[in-house]
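Student: turn this into a model:
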Amino acid sequence: MPTLVVAAAFNAFLGPQGWINLVLIKFFDLSTPPIHFTNTLFAILIAHVFYNTTIVLRMVGDFWSHLDPHLTQVAHTLGANRWYTFTKVLFPLLIPSIAAASLLVFIFDFTSFGVILILGGPRFATLEVEIYYQTISLFNLPLAATLALLQLLCTLGITIVYTRLSSRLTQPLYLKSRVYTQERLIGWRSRIFATIIVSFLILLLVTPLVSLAVRSFTSLGMGRIQTGDPPPGLTLDYYRELSINRQSSLFYVPPTKAIIISLGYAIATVILAIALGFPAAWALARYSHAHINRLLDPILMLPIGTSAVTLGLGFIVALNRPPLDLRASPWLVPIAHTLVAFPFVVRSLTPALRSIQPRLRYAAAMLGASSGSIVRFIELPLVGRSLLVAATFAFAISLGEFGATALIARPEYPTVPLVIYRYLSLPGNLNYGQALALSTILMAVCAVGILTIERFRIGGIGEF
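Tutor: Just a heads-up that it's a prediction; the model follows:
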């Protein structure tokens, strides 16, 4: 989910006008919200836990679910109890996946921007927010570039370690399918434990998003005469207001236009990301044992550990002179989005390309097929589902990208996240309601993308 959607979701759930505060105010007849969630360290932490729980579930859970169950069965046969089996048999095998997931979580938190900007406030400004502030507010590009370089060096070292660890997780030929590894829950203890875990995950991962959607259809009716806020109750007025310029601003851009702009950027990002990502993934998969891959893989994955704000600053600094002066070009945004989405495209395609049996290529070559024909008629059809997953990843990432776009987008061509941030920054219940409505639309589009990815992704080991 885009960072702006997550920030709006937690605002709708625990913010000053969120459901929890509204219920407490009405139940205890209070005059002010009792829970102060926004602009706190807890808000930053809980939002990042929201994001990164899925990463751990995907990387560690996928790897764990493919381990051969005979390992634990043999241990039990030899007299080991469950705890000894876990600590001496399973946990050592899980260490690479846990370490890789931990590094990826650290990278994403280290380069986090939108969540801290919206939920953290000025008290909890990080290196990422400072780069944005020095660039946008103070126009101090030398200091911003120095901070970005410091961040880039840190993330490069972490990315190198991460790629080494993640390469140990993509060996599906030596693991078992879930058909053989998954078991039914047996016993009331395991069922109760599973119920508690699933309930907690639903509370953490689903409740804020549901609160966002419901709150976008609900009005409190405050300030109705001055601001045009709809009367209390269920309403569609926040969605209707998206196309109305009540302030008669000369710089007003309808959110409907922002949606069209975002869709255009997303389509261009998909085309560019696939055109660049497929050859890179093909090279990583075809020459996986070559020494050059030890250097190539971390470099290709570097954008995944580089903040979007740093990437945006890099485009401003690098593309500022003819013949590559693209600072005022609308093409700069999809180019930046392509760089952000590029690692995800490569990580989606590489496992599928690695899973192609080499004998298929050898047989085609012996029958006279050229290298181009092998790629076109054998490899591309076999990785068609992964191409769809990669395209969906690029599309969803482009729709929700905020950090780089905030630095390089032209005011007359805003994207949906920029419009959401603009509404969240303005006072008034009507602006807040419009931000929630637009966030709900963006959330629905990204949810469709997520379901598509889950439907068509390779059923082996998940990889980022």
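Student: where do the helices sit along the stretch 351-464 of the chain?
Tutor: 358-366, 371-374, 380-382, 384-400, 403-408, 416-425, 429-456 (DSSP state H, counting those that start in this stretch).
Student: L24 is nearest to which of those?
Tutor: For the helices of the stretch 351-464 of the chain, the distance to L24 is smallest for helix 429-456, at 18.5 Å, taking Cβ to Cβ. Using the backbone N, CA and C atoms, a C-beta is placed for each residue, glycine as well.
Student: give me the buried positions along that closest one.
Tutor: Across helix 429-456, burial judged by 16 or more other Cβ atoms under 10 Å covers 429-443, 445-446, 449, 452-453.
Student: now do that helix: which elements does it pack against?
Tutor: helix 3-14, helix 207-216, helix 237-240, helix 255-286, helix 384-400, helix 416-425 (3 or more Cβ pairs under 8 Å, 6 or more residues apart in numbering; DSSP states H and E).
Student: could I get the helices of the stretch 351-464 of the chain as JSON lines with mean pLDDT and distance to I107?
Tutor: Converted to JSON lines, the helices of the stretch 351-464 of the chain look like this (pLDDT from 0 to 100; distance: least, Cβ to Cβ, whole Å):
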{"stretch": "helix 358-366", "mean pLDDT": "82", "distance to I107": "33"}
{"stretch": "helix 371-374", "mean pLDDT": "80", "distance to I107": "36"}
{"stretch": "helix 380-382", "mean pLDDT": "78", "distance to I107": "31"}
{"stretch": "helix 384-400", "mean pLDDT": "84", "distance to I107": "16"}
{"stretch": "helix 403-408", "mean pLDDT": "82", "distance to I107": "14"}
{"stretch": "helix 416-425", "mean pLDDT": "87", "distance to I107": "21"}
{"stretch": "helix 429-456", "mean pLDDT": "85", "distance to I107": "21"}
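Student: out of those, nearest to C154?
Tutor: Nearest to C154, of all the helices of the stretch 351-464 of the chain, is helix 403-408, at 16.9 Å by Cβ to Cβ.
Student: one step back: just put the helices of the stretch 351-464 of the chain in TSV and tack on distance to L313.
Tutor: Below are the helices of the stretch 351-464 of the chain laid out as TSV (distance: least, Cβ to Cβ, whole Å):
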stretch	distance to L313
helix 358-366	42
helix 371-374	39
helix 380-382	36
helix 384-400	19
helix 403-408	6
helix 416-425	17
helix 429-456	25
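Student: out of those, flag the one nearest S31.
Tutor: Set against S31 and scored by Cβ to Cβ, those come closest in helix 429-456, at 16.8 Å.
Student: and the angle for the closest one with helix 384-400?
Tutor: 170 degrees (axes from the mean of the first three to the mean of the last three Cα atoms, to 10 degrees).
Student: and the angle for helix 429-456 with helix 3-14?
Tutor: Angle of helix 429-456 versus helix 3-14, following the same axes, to 10 degrees, is 120 degrees.
Student: just how off-centre is helix 429-456 within its chain?
Tutor: For helix 429-456, the distance from its own C-alpha centre to the chain's C-alpha centre is 13 Å (Cα atoms, centre = their mean, to the nearest Å).
Student: same deal with stretch 404-422?
Tutor: That offset, for stretch 404-422, works out to 18 Å (Cα atoms, centre = their mean).
Student: returning to what we had before: nearest to Y162, out of the helices of the stretch 351-464 of the chain?
Tutor: helix 384-400 (18.1 Å).
Student: skip ahead from the helix or strand of the chain with the lowest mean pLDDT and say which helix or strand is next.
Tutor: Counting by mean pLDDT, DSSP states H and E, the weakest-scoring helix or strand in the chain turns out to be helix 224-227, with a mean of 48. Of the helices and strands lying after helix 224-227 in sequence (DSSP states H and E), the nearest is strand 233-234.
Student: for that following strand, packing partners?
Tutor: Applying 3+ Cβ pairs under 8 Å, 6+ apart, one finds that strand 233-234 makes contact with strand 218-219.
Student: quick one: low-confidence ranges for the stretch 101-250 of the chain?
Tutor: The model of the stretch 101-250 of the chain has pLDDT under 70 over residues 163-181, 221-230, 245-250.
Student: where do the helices sit along it?
Tutor: Using DSSP H, counting those that start in this stretch, the helices found in the stretch 101-250 of the chain span residues 114-115, 127-136, 141-166, 178-181, 188-205, 207-216, 224-227, 237-240.
Student: near the nearest residue to F13 once chain neighbours are set aside, how many other residues are there?
Tutor: Once flanking residues are discounted, F13 sits nearest to S211: 4.0 Å by Cβ to Cβ, 6 or more residues apart in numbering. By the criterion of other Cβ atoms under 10 Å, S211 has 22 neighbours.
Student: if I look at S211, how far off is L14?
Tutor: Distance, S211 to L14, by Cβ to Cβ, to the nearest Å: 9 Å.
Student: got any residues that touch both of the two?
Tutor: Both S211 and L14 lack any common contact, where contact means Cβ atoms under 8 Å, 6 or more residues apart in numbering.
Student: tell me the contacts of L276?
Tutor: L276 sits next to 338, 342, 345 when contact means Cβ under 8 Å, 6+ apart.
Student: and which of those residues is nearest V383?
Tutor: V345 (11.8 Å).
Student: so which other helices or strands are in contact with the strand or helix carrying the closest one?
Tutor: Assigned by DSSP H and E, V345 belongs to helix 332-354. Taking 3+ Cβ pairs under 8 Å, 6+ apart as contact, the helices and strands that helix 332-354 lies on are helix 255-286, helix 292-305, helix 308-318, helix 384-400, helix 403-408.
Student: kindly reformat these as CSV containing distance to L220.
Tutor: Putting the helices and strands packed on helix 332-354 into CSV (distance: least, Cβ to Cβ, whole Å) gives the following:
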stretch, distance to L220
helix 255-286, 21
helix 292-305, 41
helix 308-318, 34
helix 384-400, 27
helix 403-408, 29
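Student: and of those, who's closest to Y423?
Tutor: Closest among the helices and strands packed on helix 332-354, using Cβ to Cβ: helix 255-286, at 8.6 Å.
Student: sort out which residues of that closest one are buried, please.
Tutor: 255, 258-259, 261-266, 268-270, 272-274, 276-278, 280-286.
Student: one more: stretch 111-124?
Tutor: Result for stretch 111-124 [16+ other Cβ under 10 Å]: buried residues 111-120.
Student: pick the one among those closest to L127.
Tutor: Within the buried residues of stretch 111-124, proximity to L127 (Cβ to Cβ) peaks at T111, which comes in at 8.7 Å.
Student: can you give me the pLDDT of the closest residue in space to T85 that isn't next to it in sequence?
Tutor: Distances taken as Cβ to Cβ, 6+ apart place A75 nearest to T85, at 4.4 Å, with adjacent residues excluded. A75 carries a pLDDT value of 86.
Student: helices or strands up against the helix or strand A75 falls within?
Tutor: Assigning secondary structure by DSSP H and E places A75 in helix 70-77. In this structure, helix 70-77 makes packing contacts with helix 82-85, judged by 3+ Cβ pairs under 8 Å, 6+ apart.
Student: which positions in the helix it packs on come out as buried?
Tutor: T85.
Student: before we move on, what about stretch 145-155?
Tutor: Buried residues in stretch 145-155, counted by 16+ other Cβ under 10 Å: 145, 147-148, 151-152, 154-155.
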